[in-house]
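Trainee: Okay, sequence plus prediction incoming.
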Amino acid sequence: MSFALGLLIVGTNIPSPLYSVYEHRFGFSALTITMIVAIYVAFLVPTLLLFGSLADHVGLRRILVPSIMLAAAGMAIFALASSTAWLFIARAVQGVAVGAASGPLTVALVRTEPHGDRARASLLASLMTTGGAGLGPVLAGTLAQYAPWPLLLCYLVELFLLAVAAVAVTTAPAGSRAVGRVQIRRPQVPAGIRRPFAAASAASFLAWAVAYIVLALVPSYVRAAMHSQNLLLGGGAAGLLLLCAATAQVVLARTPYRRALHLGLLLLVAGLGGLIVAGALFSVPLLLATIAITGVGQGLGFMGALRCVNDIAPPDVHAGVISAFYVVTYLGGGGPVILVGLAATKIGLVPAVQAAAALCGLGCLMTLAMLRYAEIPAGA
(Lines give C-alpha, C1' and ligand atoms only; values in the text may rest on other atoms or scores of the structure.)
Protein backbone atom coordinates (compact mmCIF):
# COMPACT_ATOMS: atom_id res chain seq x y z
CA MET A 1 0.00 0.00 0.00
CA SER A 2 2.84 2.42 0.81
CA PHE A 3 4.37 1.62 -2.60
CA ALA A 4 1.13 2.62 -4.34
CA LEU A 5 0.74 5.82 -2.32
CA GLY A 6 4.35 6.83 -2.96
CA LEU A 7 4.00 6.19 -6.70
CA LEU A 8 0.86 8.28 -6.95
CA ILE A 9 2.61 11.25 -5.37
CA VAL A 10 5.76 10.71 -7.47
CA GLY A 11 3.61 10.87 -10.60
CA THR A 12 1.94 14.13 -9.64
CA ASN A 13 5.34 15.84 -9.34
CA ILE A 14 7.12 14.34 -12.35
CA PRO A 15 6.09 17.30 -14.59
CA SER A 16 7.68 19.91 -12.28
CA PRO A 17 11.12 20.20 -13.95
CA LEU A 18 9.53 19.85 -17.39
CA TYR A 19 7.27 22.91 -17.13
CA SER A 20 10.13 25.14 -18.30
CA VAL A 21 10.43 22.94 -21.42
CA TYR A 22 6.67 23.04 -22.01
CA GLU A 23 6.78 26.80 -21.43
CA HIS A 24 9.27 27.18 -24.30
CA ARG A 25 7.57 24.64 -26.58
CA PHE A 26 3.96 25.79 -26.13
CA GLY A 27 4.72 29.47 -25.52
CA PHE A 28 3.00 30.10 -22.19
CA SER A 29 3.95 32.19 -19.12
CA ALA A 30 4.76 31.51 -15.48
CA LEU A 31 1.10 32.29 -14.72
CA THR A 32 0.04 29.34 -16.88
CA ILE A 33 2.42 27.08 -14.95
CA THR A 34 0.84 28.09 -11.67
CA MET A 35 -2.66 27.55 -13.09
CA ILE A 36 -1.66 24.05 -14.23
CA VAL A 37 -0.49 23.32 -10.70
CA ALA A 38 -3.58 24.91 -9.13
CA ILE A 39 -6.09 22.95 -11.24
CA TYR A 40 -4.72 19.79 -9.62
CA VAL A 41 -5.73 21.13 -6.20
CA ALA A 42 -9.07 22.38 -7.55
CA PHE A 43 -10.02 18.83 -8.55
CA LEU A 44 -8.29 17.10 -5.62
CA VAL A 45 -10.08 18.84 -2.72
CA PRO A 46 -13.71 18.05 -3.67
CA THR A 47 -12.71 14.53 -4.71
CA LEU A 48 -10.99 14.03 -1.35
CA LEU A 49 -14.16 15.08 0.48
CA LEU A 50 -16.39 12.81 -1.62
CA PHE A 51 -14.34 9.64 -1.75
CA GLY A 52 -13.52 9.55 1.95
CA SER A 53 -17.20 8.72 2.40
CA LEU A 54 -17.66 6.65 -0.76
CA ALA A 55 -14.93 4.17 0.18
CA ASP A 56 -16.92 3.29 3.30
CA HIS A 57 -19.88 2.35 1.12
CA VAL A 58 -18.29 0.42 -1.74
CA GLY A 59 -15.09 -0.93 -0.14
CA LEU A 60 -11.45 0.10 -0.51
CA ARG A 61 -10.53 -1.99 -3.52
CA ARG A 62 -13.37 -0.62 -5.65
CA ILE A 63 -11.92 2.86 -5.17
CA LEU A 64 -8.19 2.07 -5.30
CA VAL A 65 -8.00 0.06 -8.52
CA PRO A 66 -9.87 2.65 -10.67
CA SER A 67 -7.85 5.43 -9.00
CA ILE A 68 -4.55 3.84 -10.03
CA MET A 69 -5.89 3.37 -13.55
CA LEU A 70 -6.96 7.03 -13.62
CA ALA A 71 -3.47 8.08 -12.49
CA ALA A 72 -2.05 6.03 -15.38
CA ALA A 73 -4.40 7.84 -17.75
CA GLY A 74 -3.02 11.15 -16.47
CA MET A 75 0.52 9.96 -17.25
CA ALA A 76 -0.54 8.90 -20.74
CA ILE A 77 -2.09 12.33 -21.40
CA PHE A 78 1.16 14.02 -20.35
CA ALA A 79 3.14 11.70 -22.61
CA LEU A 80 0.92 12.56 -25.60
CA ALA A 81 0.61 16.29 -24.83
CA SER A 82 0.69 18.43 -27.96
CA SER A 83 -0.65 21.70 -26.50
CA THR A 84 -1.17 23.50 -23.20
CA ALA A 85 -4.76 22.19 -22.94
CA TRP A 86 -3.44 18.63 -22.63
CA LEU A 87 -1.41 19.65 -19.57
CA PHE A 88 -4.50 21.07 -17.86
CA ILE A 89 -6.48 17.90 -18.58
CA ALA A 90 -3.67 15.69 -17.31
CA ARG A 91 -3.38 17.63 -14.05
CA ALA A 92 -7.15 17.54 -13.50
CA VAL A 93 -7.14 13.77 -13.99
CA GLN A 94 -4.25 13.46 -11.53
CA GLY A 95 -6.15 15.54 -8.98
CA VAL A 96 -9.15 13.22 -9.14
CA ALA A 97 -6.92 10.11 -8.93
CA VAL A 98 -4.99 11.29 -5.87
CA GLY A 99 -8.08 12.75 -4.19
CA ALA A 100 -9.89 9.45 -4.58
CA ALA A 101 -7.01 7.21 -3.51
CA SER A 102 -5.12 9.06 -0.78
CA GLY A 103 -7.71 8.54 1.97
CA PRO A 104 -8.45 4.86 1.19
CA LEU A 105 -4.72 4.13 0.83
CA THR A 106 -4.07 5.64 4.26
CA VAL A 107 -6.84 3.49 5.74
CA ALA A 108 -5.40 0.42 3.99
CA LEU A 109 -1.95 1.20 5.44
CA VAL A 110 -3.39 1.27 8.96
CA ARG A 111 -5.37 -1.96 8.46
CA THR A 112 -2.44 -3.86 6.98
CA GLU A 113 0.22 -2.69 9.47
CA PRO A 114 1.59 -6.01 10.83
CA HIS A 115 1.52 -4.99 14.49
CA GLY A 116 -1.51 -2.72 14.37
CA ASP A 117 0.71 0.30 15.07
CA ARG A 118 -1.35 3.28 13.89
CA ALA A 119 1.42 5.79 14.64
CA ARG A 120 3.87 3.88 12.46
CA ALA A 121 1.32 3.60 9.66
CA SER A 122 0.61 7.33 9.84
CA LEU A 123 4.32 8.15 9.73
CA LEU A 124 4.73 5.88 6.71
CA ALA A 125 1.86 7.63 4.92
CA SER A 126 3.40 11.02 5.69
CA LEU A 127 6.80 9.88 4.43
CA MET A 128 5.36 8.48 1.20
CA THR A 129 3.57 11.78 0.58
CA THR A 130 6.56 13.99 1.32
CA GLY A 131 9.25 11.72 -0.12
CA GLY A 132 7.24 10.91 -3.25
CA ALA A 133 6.69 14.62 -3.88
CA GLY A 134 10.46 15.14 -3.69
CA LEU A 135 11.47 12.11 -5.74
CA GLY A 136 9.25 12.93 -8.73
CA PRO A 137 11.13 16.05 -9.90
CA VAL A 138 14.53 14.40 -9.38
CA LEU A 139 13.52 11.34 -11.43
CA ALA A 140 12.05 13.44 -14.24
CA GLY A 141 14.95 15.89 -14.27
CA THR A 142 17.53 13.10 -14.45
CA LEU A 143 15.78 11.22 -17.27
CA ALA A 144 14.95 14.38 -19.22
CA GLN A 145 18.53 15.66 -19.05
CA TYR A 146 20.54 12.48 -19.58
CA ALA A 147 18.25 9.91 -21.24
CA PRO A 148 16.49 9.89 -24.61
CA TRP A 149 12.92 11.16 -25.14
CA PRO A 150 13.02 13.94 -22.49
CA LEU A 151 9.24 14.51 -22.57
CA LEU A 152 8.29 10.85 -22.77
CA LEU A 153 10.58 8.42 -20.94
CA CYS A 154 9.78 9.57 -17.38
CA TYR A 155 6.06 9.08 -18.04
CA LEU A 156 6.64 5.61 -19.50
CA VAL A 157 8.62 4.61 -16.40
CA GLU A 158 5.82 5.86 -14.15
CA LEU A 159 3.21 4.03 -16.25
CA PHE A 160 5.07 0.76 -15.79
CA LEU A 161 5.34 1.28 -12.02
CA LEU A 162 1.66 2.19 -11.78
CA ALA A 163 0.80 -1.11 -13.48
CA VAL A 164 2.68 -2.86 -10.67
CA ALA A 165 0.85 -0.73 -8.10
CA ALA A 166 -2.51 -1.64 -9.64
CA VAL A 167 -1.74 -5.29 -8.95
CA ALA A 168 -0.60 -4.46 -5.41
CA VAL A 169 -3.80 -2.63 -4.45
CA THR A 170 -5.90 -5.66 -5.35
CA THR A 171 -4.64 -7.09 -2.05
CA ALA A 172 -6.10 -4.17 -0.08
CA PRO A 173 -8.77 -5.04 2.48
CA ALA A 174 -12.20 -4.93 0.92
CA GLY A 175 -13.48 -2.84 3.80
CA SER A 176 -16.89 -2.86 5.34
CA ARG A 177 -19.75 -1.41 3.37
CA ALA A 178 -21.80 1.11 5.25
CA VAL A 179 -25.52 1.34 4.78
CA GLY A 180 -27.08 4.60 3.74
CA ARG A 181 -26.72 7.36 1.23
CA VAL A 182 -23.30 8.56 0.13
CA GLN A 183 -22.71 12.14 1.20
CA ILE A 184 -19.92 14.67 0.76
CA ARG A 185 -18.28 15.23 4.13
CA ARG A 186 -18.47 18.72 5.56
CA PRO A 187 -15.36 19.52 7.63
CA GLN A 188 -16.16 19.89 11.32
CA VAL A 189 -14.01 21.58 13.97
CA PRO A 190 -15.48 21.72 17.50
CA ALA A 191 -15.35 25.13 19.18
CA GLY A 192 -13.11 23.86 22.00
CA ILE A 193 -10.17 23.09 19.72
CA ARG A 194 -10.46 25.86 17.13
CA ARG A 195 -7.54 27.93 18.42
CA PRO A 196 -4.92 25.14 18.35
CA PHE A 197 -6.48 23.79 15.14
CA ALA A 198 -6.14 27.21 13.49
CA ALA A 199 -2.48 27.55 14.50
CA ALA A 200 -1.55 24.03 13.40
CA SER A 201 -3.48 24.37 10.12
CA ALA A 202 -1.82 27.72 9.42
CA ALA A 203 1.58 26.06 9.84
CA SER A 204 0.59 23.26 7.45
CA PHE A 205 -0.85 25.78 4.96
CA LEU A 206 2.43 27.71 4.91
CA ALA A 207 4.58 24.57 4.76
CA TRP A 208 2.80 23.33 1.64
CA ALA A 209 2.47 26.80 0.10
CA VAL A 210 6.27 26.97 0.15
CA ALA A 211 6.55 23.42 -1.18
CA TYR A 212 4.20 23.98 -4.11
CA ILE A 213 5.84 27.28 -5.05
CA VAL A 214 9.20 25.50 -5.11
CA LEU A 215 7.83 22.53 -7.08
CA ALA A 216 6.05 24.71 -9.63
CA LEU A 217 8.44 27.59 -10.14
CA VAL A 218 11.95 26.81 -8.89
CA PRO A 219 13.00 24.91 -12.07
CA SER A 220 12.12 28.00 -14.12
CA TYR A 221 13.55 30.20 -11.33
CA VAL A 222 16.87 28.34 -11.66
CA ARG A 223 16.90 28.97 -15.40
CA ALA A 224 16.14 32.67 -14.97
CA ALA A 225 18.31 33.45 -11.94
CA MET A 226 21.22 31.06 -12.56
CA HIS A 227 21.22 31.12 -16.37
CA SER A 228 21.25 27.31 -16.44
CA GLN A 229 19.37 25.06 -18.86
CA ASN A 230 20.17 21.85 -16.93
CA LEU A 231 16.88 20.04 -16.20
CA LEU A 232 18.42 17.93 -13.44
CA LEU A 233 19.52 21.08 -11.62
CA GLY A 234 15.98 22.46 -11.82
CA GLY A 235 14.33 19.18 -10.88
CA GLY A 236 16.90 18.48 -8.17
CA ALA A 237 16.42 21.91 -6.66
CA ALA A 238 12.64 21.38 -6.55
CA GLY A 239 12.85 17.81 -5.26
CA LEU A 240 15.56 18.60 -2.72
CA LEU A 241 13.12 20.50 -0.51
CA LEU A 242 10.76 17.56 0.01
CA LEU A 243 13.50 14.92 0.16
CA CYS A 244 15.05 16.94 3.00
CA ALA A 245 11.57 17.23 4.55
CA ALA A 246 11.13 13.44 4.46
CA THR A 247 14.60 12.90 5.97
CA ALA A 248 13.82 15.33 8.78
CA GLN A 249 10.58 13.48 9.53
CA VAL A 250 12.50 10.21 9.94
CA VAL A 251 15.44 11.58 11.94
CA LEU A 252 13.31 13.79 14.21
CA ALA A 253 10.21 11.57 14.40
CA ARG A 254 10.31 11.56 18.23
CA THR A 255 10.35 15.36 18.56
CA PRO A 256 7.31 16.59 20.56
CA TYR A 257 4.96 18.22 18.11
CA ARG A 258 4.84 21.67 19.72
CA ARG A 259 8.63 21.84 19.50
CA ALA A 260 8.50 20.51 15.93
CA LEU A 261 6.06 23.29 14.99
CA HIS A 262 8.25 26.02 16.47
CA LEU A 263 11.50 24.70 15.00
CA GLY A 264 9.90 24.03 11.62
CA LEU A 265 8.53 27.56 11.29
CA LEU A 266 11.86 29.11 12.34
CA LEU A 267 13.73 27.06 9.74
CA LEU A 268 11.17 28.02 7.10
CA VAL A 269 11.85 31.69 7.86
CA ALA A 270 15.62 31.16 7.60
CA GLY A 271 15.33 29.17 4.36
CA LEU A 272 12.97 31.64 2.72
CA GLY A 273 15.34 34.47 3.56
CA GLY A 274 18.17 32.51 1.94
CA LEU A 275 16.02 31.92 -1.16
CA ILE A 276 15.66 35.69 -1.58
CA VAL A 277 19.41 36.27 -1.21
CA ALA A 278 20.28 33.38 -3.56
CA GLY A 279 18.17 34.91 -6.33
CA ALA A 280 19.85 38.28 -5.83
CA LEU A 281 23.39 36.83 -5.86
CA PHE A 282 22.79 34.25 -8.63
CA SER A 283 24.35 31.61 -6.38
CA VAL A 284 23.50 27.97 -7.10
CA PRO A 285 25.22 26.60 -3.93
CA LEU A 286 23.37 29.11 -1.75
CA LEU A 287 20.08 28.30 -3.49
CA LEU A 288 20.50 24.55 -2.87
CA ALA A 289 21.60 25.09 0.76
CA THR A 290 18.64 27.32 1.56
CA ILE A 291 16.20 24.95 -0.16
CA ALA A 292 17.58 22.15 2.03
CA ILE A 293 17.05 24.26 5.17
CA THR A 294 13.56 25.18 4.00
CA GLY A 295 12.86 21.48 3.38
CA VAL A 296 13.77 20.53 6.94
CA GLY A 297 11.48 23.29 8.18
CA GLN A 298 8.70 22.11 5.87
CA GLY A 299 8.99 18.53 7.07
CA LEU A 300 9.00 19.44 10.76
CA GLY A 301 6.19 21.97 10.38
CA PHE A 302 3.89 19.59 8.54
CA MET A 303 4.70 16.64 10.81
CA GLY A 304 4.12 18.72 13.94
CA ALA A 305 0.86 20.15 12.60
CA LEU A 306 -0.56 16.77 11.58
CA ARG A 307 0.35 15.13 14.88
CA CYS A 308 -1.11 18.06 16.81
CA VAL A 309 -4.45 17.90 15.01
CA ASN A 310 -4.59 14.13 15.41
CA ASP A 311 -3.99 14.54 19.14
CA ILE A 312 -6.53 17.28 19.85
CA ALA A 313 -9.35 15.97 17.63
CA PRO A 314 -12.17 14.38 19.70
CA PRO A 315 -12.72 10.70 18.77
CA ASP A 316 -16.33 11.19 17.67
CA VAL A 317 -15.44 13.86 15.07
CA HIS A 318 -11.86 12.79 14.30
CA ALA A 319 -12.48 12.19 10.58
CA GLY A 320 -14.20 15.55 10.12
CA VAL A 321 -11.38 17.43 11.84
CA ILE A 322 -8.72 15.67 9.76
CA SER A 323 -10.69 16.40 6.59
CA ALA A 324 -10.81 20.09 7.51
CA PHE A 325 -7.06 20.04 8.17
CA TYR A 326 -6.28 18.51 4.77
CA VAL A 327 -8.57 20.95 2.98
CA VAL A 328 -6.63 23.86 4.51
CA THR A 329 -3.34 22.13 3.66
CA TYR A 330 -4.22 21.59 0.00
CA LEU A 331 -5.54 25.12 -0.33
CA GLY A 332 -2.07 26.19 0.75
CA GLY A 333 -0.76 24.31 -2.25
CA GLY A 334 -3.19 25.91 -4.71
CA GLY A 335 -3.90 29.52 -3.75
CA PRO A 336 -0.48 31.12 -3.15
CA VAL A 337 1.12 29.62 -6.24
CA ILE A 338 -1.53 31.31 -8.43
CA LEU A 339 -0.71 34.68 -6.85
CA VAL A 340 2.98 34.14 -7.55
CA GLY A 341 2.18 33.38 -11.18
CA LEU A 342 0.10 36.55 -11.47
CA ALA A 343 2.91 38.59 -9.95
CA ALA A 344 5.45 37.00 -12.32
CA THR A 345 3.58 38.37 -15.34
CA LYS A 346 3.97 41.90 -13.93
CA ILE A 347 7.39 41.98 -12.28
CA GLY A 348 9.19 38.88 -13.56
CA LEU A 349 9.65 35.38 -12.16
CA VAL A 350 12.66 35.94 -9.88
CA PRO A 351 11.20 39.04 -8.13
CA ALA A 352 7.82 37.27 -7.82
CA VAL A 353 9.36 34.24 -6.09
CA GLN A 354 11.39 36.57 -3.85
CA ALA A 355 8.24 38.51 -2.90
CA ALA A 356 6.38 35.25 -2.20
CA ALA A 357 9.25 34.06 -0.03
CA ALA A 358 9.11 37.29 1.95
CA LEU A 359 5.33 37.03 2.46
CA CYS A 360 5.52 33.35 3.46
CA GLY A 361 8.30 34.20 5.90
CA LEU A 362 6.12 36.90 7.43
CA GLY A 363 3.26 34.40 7.64
CA CYS A 364 5.54 31.97 9.49
CA LEU A 365 6.45 34.67 12.03
CA MET A 366 2.77 35.50 12.55
CA THR A 367 1.97 31.80 13.03
CA LEU A 368 4.77 31.54 15.60
CA ALA A 369 3.05 34.36 17.49
CA MET A 370 -0.28 32.47 17.21
CA LEU A 371 1.30 29.39 18.79
CA ARG A 372 1.94 31.32 22.01
CA TYR A 373 -1.81 31.77 22.56
CA ALA A 374 -3.18 28.66 20.87
CA GLU A 375 -3.06 26.36 23.93
CA ILE A 376 -1.24 23.65 21.97
CA PRO A 377 -0.21 20.73 24.20
CA ALA A 378 3.48 19.83 24.35
CA GLY A 379 2.67 16.55 22.58
CA ALA A 380 4.50 13.27 22.52
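Mentor: Nice, I can see it. Numbering: from 1, shown residues only.
Trainee: can we go C-alpha only for contacts and neighbour counts from here?
Mentor: Noted.
Trainee: which parts of stretch 133-149 are buried?
Mentor: Neighbour-count burial for stretch 133-149 flags 133-145 (criterion: 16 or more other Cα atoms under 10 Å).
Trainee: What is the strand or helix carrying Q249 packed up against?
Mentor: Using DSSP states H and E, Q249 maps to helix 231-251. With contacts taken as 3 or more Cα pairs under 8 Å, 6 or more residues apart in numbering; DSSP states H and E, helix 231-251 sits against helix 118-146, helix 194-226, helix 284-312.
Trainee: Please work out the average pLDDT along the longest one.
Mentor: Mean pLDDT, taken over the full extent of helix 194-226, equals 81.
Trainee: ok, now stretch 366-380?
Mentor: In this model, stretch 366-380 has a mean pLDDT of 80.
Trainee: how about it: buried residues?
Mentor: Neighbour-count burial for stretch 366-380, counted by 16+ other Cα under 10 Å, picks out 367-368, 370-371, 374, 376.
Trainee: Show which residues not belonging to it make contact with it.
Mentor: Applying Cα atoms under 8 Å, 6 or more residues apart in numbering, the contact partners of stretch 366-380 are 195-196, 199, 202-203, 254-259, 262, 265, 308, 311.
Trainee: Buried only: go through these for me.
Mentor: Buried members of those, scored by 16+ other Cα under 10 Å, are 195-196, 199, 202-203, 255-258, 262, 265, 308, 311.
Trainee: which two of these lie the greatest distance from each other?
Mentor: Spatially, the most separated pair among the buried ones among the contacts of stretch 366-380 is R195 and T255, at 21.9 Å (Cα to Cα).
Trainee: just to revisit the earlier point, in JSON lines: the helices and strands packed on helix 231-251, plus distance to G74.
Mentor: Shown next, in JSON lines, are the helices and strands packed on helix 231-251 (distance: least, Cα to Cα, whole Å):
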{"stretch": "helix 118-146", "distance to G74": "15"}
{"stretch": "helix 194-226", "distance to G74": "18"}
{"stretch": "helix 284-312", "distance to G74": "27"}
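Trainee: helices and strands around the helix or strand where T34 lies, which ones?
Mentor: Secondary structure from DSSP H and E places T34 in helix 30-58. For helix 30-58, the contact count by 3+ Cα pairs under 8 Å, 6+ apart identifies helix 19-26, helix 60-80, helix 84-112, helix 194-226, helix 318-347 as packing neighbours.
Trainee: State the mean pLDDT of it.
Mentor: Mean per-residue pLDDT for helix 30-58: 77.
Trainee: ok, back up a step: closest to I77 among the buried residues of stretch 133-149?
Mentor: Using Cα to Cα, the buried residues of stretch 133-149 come closest to I77 at A140, 15.9 Å.
Trainee: Model confidence for that closest one, exactly?
Mentor: 88.
Trainee: Give me the distance between it and N230.
Mentor: When distance is defined by Cα to Cα, to the nearest Å, A140 is 12 Å away from N230.
Trainee: Could you single out the most deeply buried of the helices and strands packed on helix 30-58?
Mentor: For these, the largest average neighbour count (mean count of other Cα atoms under 10 Å) is found in helix 194-226, namely a mean of 25.
Trainee: Any buried residues in the helix or strand where L156 lies, and which?
Mentor: Following DSSP H and E, one finds L156 within helix 153-168. Buried residues in helix 153-168, counting neighbours by 16+ other Cα under 10 Å, are found at 153-155, 158-159, 161-162, 165-166.
Trainee: just to revisit the earlier point, mind listing what's buried in whatever helix or strand comes next after the helix holding Q249?
Mentor: Next helix or strand after helix 231-251 toward the C-terminus (DSSP H and E): helix 257-281. Residues of helix 257-281 classed as buried: 257-258, 260-279 (neighbour count, 16+ other Cα under 10 Å).
Trainee: quick one: helix 257-281 to helix 284-312, angle?
Mentor: Angle of helix 257-281 versus helix 284-312, following axes from the mean of the first three to the mean of the last three Cα atoms, to 10 degrees, is 160 degrees.
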